Every structure is written in structure tokens, then in C-alpha cells.
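Novice: Just to be clear, the model below is a prediction. Sequence and coordinates:
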Amino acid sequence: MKGQLIKNYINKLTINDINNMAIKNNINLSNDEVNYVYNIIKNNYQNLLYGDSSNIFNDLKNNVSSSNYDKIKNLFDTYKNKYQSLL
């Protein structure tokens, strides 16, 4: 049930959702960066939530600025820890 809810949320996720979340968290992504993050989430959310996300973050590191990478990684870790019991 939880997995289906998450899948439905990811299916409805838009680039604007990603950009708004970034802005809300003081992350200023370029158009290329927001598109890259969007594609990572849409295509790899299961690995991000349930698997080893180190390869995904290694790729991310090469495709966003270093300051944005640090902010994204910190935000991801914060939310994953906060909601781990719901996954």
C-alpha cells in the first residue's frame, strides 16, 4: 500500500514541483539542473528510497554545482531520516 502511494506521487510529480521544493529550501537550480534532478527522481526513486543511492549521488555530483549538490544531499538525508518509518 505504501509503495503504491509513493509510486502514484512520483507519477504526478512535475518539474515545477522540484523547482518549488528547491527554492523553498534555498537551492537555486539552473534549468539543466532541475531537469536532471527531476529525471533522477522519476527514474530512480525506488533506489533512492530503498536501495543504495551512492551511485545516483555520484552522478548527481557531476551534473549540478557543488553548492547545490551539498544542499540536495543534505535535504535528501534529512527527509529520508525523518520519514524512514513510513517507507
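Specialist: Yep, it's here.

Novice: Residue 11 - how many residues pack around it?
Specialist: 9 (other CB atoms under 10 Å). Backbone N, C-alpha and C define where each C-beta goes, glycine included.

Novice: For it, give me its contacts.
Specialist: Counting by CB atoms under 8 Å, 6 or more residues apart in numbering, residue 11 makes contact with nothing.

Novice: Quickly find the element holding it.
Specialist: Using DSSP states H and E, residue 11 sits within helix 2-12.

Novice: buried sites along that helix?
Specialist: For helix 2-12, a neighbour-count test (16 or more other CB atoms under 10 Å) marks residue 6 as buried.

Novice: where does the residue nearest to the spatial centre of the chain land in three-state SS?
Specialist: Centroid check for the chain by CA atoms, centre = their mean gives residue 41 as the closest residue, at 5.2 Å. Following DSSP: H, G, I helix; E, B strand; the rest coil, we place residue 41 in the helix state.

Novice: isn't it right up against residue 47?
Specialist: No: in this structure residue 41 lies outside contact range of residue 47 using CB atoms under 8 Å: 10.6 Å.

Novice: what does stretch 41-53 contact?
Specialist: Contact with stretch 41-53 is made by 6, 10, 13, 18, 40, 56, 76, 80, 87, as judged by CB under 8 Å, 6+ apart.

Novice: And for the residue lying closest to the second one once chain neighbours are set aside, the neighbour number?
Specialist: Spelled out, it's residue 10. Here the nearest residue to residue 10 in space, its sequence neighbours aside, is residue 45; by CB to CB, 6 or more residues apart in numbering that works out to 5.0 Å. The criterion is other CB under 10 Å. On that basis, residue 45 has 17 neighbouring residues.

Novice: for this protein, what spans make up the helices?
Specialist: Remark: helices of the chain, listed N- to C-terminal, are 2-12, 15-24, 31-50, 54-61, 66-83; assignment by DSSP state H.

Novice: Mind putting those into a markdown table with mean pLDDT?
Specialist: Conversion of the helices of the chain to a markdown table gives the following (pLDDT from 0 to 100):
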| stretch | mean pLDDT |
| --- | --- |
| helix 2-12 | 92 |
| helix 15-24 | 97 |
| helix 31-50 | 96 |
| helix 54-61 | 96 |
| helix 66-83 | 96 |
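
Novice: Alright, calling it a day.
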